[in-house]
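[1] Coordinates for the following, if possible.
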Amino acid sequence: MAHGGVASYSHRTATDPAMVQISVSLDTSIWTKRKRKIVTRCITSGILDAGARTIDVIADIMATYGIGYRATGVHGDRQSVVVPHSSVDPDRLTDLLAVVMARLKIKRATGSALNYSERNYLDEADCGAEGATERRFLYFEDQVLVHKSVPLMDFMSPDYPHVVEEKAALCALITNGEIISCNYQPHERET
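    Numbers count the residues shown, from 1 in each chain. Model (predicted):
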């Protein structure tokens, strides 16, 4: 929680129509070693698979430093991540989709409980099957729901060398307990 009511005051400012940008400084020396390790692991891999609040913070940090992420956790589903097809090596996309669907269909066939995300993913896949007349959901359009047990990095496109360097520099700041920043800008204004 924010200290001394700062959150409520900053919320008032953040919701003002004249707001152009908000900058937040984070003192990473206050974070536990465990949190720094989780954050740097997520930044390095580009797979945001931590708790919901931590995912949001990491995504904001990465956006501020111009580093994209490859996959993000599903809020409420700590076992899976959502991966855009564009993050997967094009030569391995069909293999990843086959692994994911096989895992889910085996789980369903054996009577194992499917969580909410898995049920929706299977429903969307079934609606997109040959002969289906309509698709009920579009959340997973051009995305794949991957369980954490799947070796996802085996299917991902490699990072460009300059991206690896940018990630390493940001992780060094966090590991050393430096102050880093997040910048927030409003979405396009309605005119």
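
[2] Mind listing the strands the longest strand along the chain pairs with, and their directions?
    Counting residues, the longest strand found in the chain (DSSP state E) is strand 77-84. Applying DSSP bridges to the sheet, strand 77-84 is found paired with strand 71-74 (antiparallel), strand 143-147 (antiparallel).

[3] Okay, domains of the protein per the record?
    Partitioning the chain according to automatic domain parsing yields domains covering residues 21-70+157-191, 83-155.

[4] can you pull out the strands in the chain?
    Per DSSP E, the chain carries strands over the ranges 22-27, 47-48, 71-74, 77-84, 143-147, 179-184.

[5] Not counting the fourth one itself, show me its contacts.
    With Cβ atoms under 8 Å, 6 or more residues apart in numbering as the test, strand 77-84 has contacts from 47-49, 51, 70-74, 96, 115-118, 140, 142-148, 152. (Each C-beta comes from the backbone N, C-alpha and C, glycine too.)

[6] Write down the beta-bridge partners of the residue nearest the centre of the chain, one by one.
    The geometric centre of the chain, computed from its C-alpha atoms, lies nearest to Thr72 (Cα atoms, centre = their mean), at 1.9 Å. Taking DSSP bridges as the rule, Thr72 bridges to Leu48, Val82.

[7] per-residue confidence for it?
    Residue-level confidence at Thr72 comes out at 86, pLDDT.

[8] Am I right that it is in contact with Ala59?
    Yes: contact status for Thr72 versus Ala59: in contact at 6.8 Å, counting by Cβ atoms under 8 Å.

[9] Identify the contacts common to these two.
    In terms of Cβ under 8 Å, 6+ apart, Thr72 and Ala59 are both contacted by the residues Leu48.

[10] Quick check: buried residues in the helix of greatest length in the chain?
    As assigned by DSSP state H, the longest helix anywhere in the chain is helix 93-109. For helix 93-109, a neighbour-count test (16 or more other Cβ atoms under 10 Å) marks Leu93, Leu96, Leu97, Val99, Val100, Leu104, Lys107 as buried.

[11] so which of the strands paired with strand 77-84 comes closest to Asp159?
    Closest of the strands paired with strand 77-84 to Asp159 is strand 71-74, at 13.3 Å (criterion: Cβ to Cβ).

[12] Show me how far the closest one is from its chain's centre.
    Taking the mean C-alpha point of strand 71-74 and that of its whole chain, the gap between them comes to 4 Å (Cα atoms, centre = their mean, to the nearest Å).

[13] contacts for that strand?
    For strand 71-74, the external contacting residues (Cβ under 8 Å, 6+ apart) are 46-50, 52, 55, 59, 80-84, 87, 117, 145-146, 152.

[14] filter these to the buried ones?
    46-50, 55, 59, 80-83, 87, 117, 145-146, 152.
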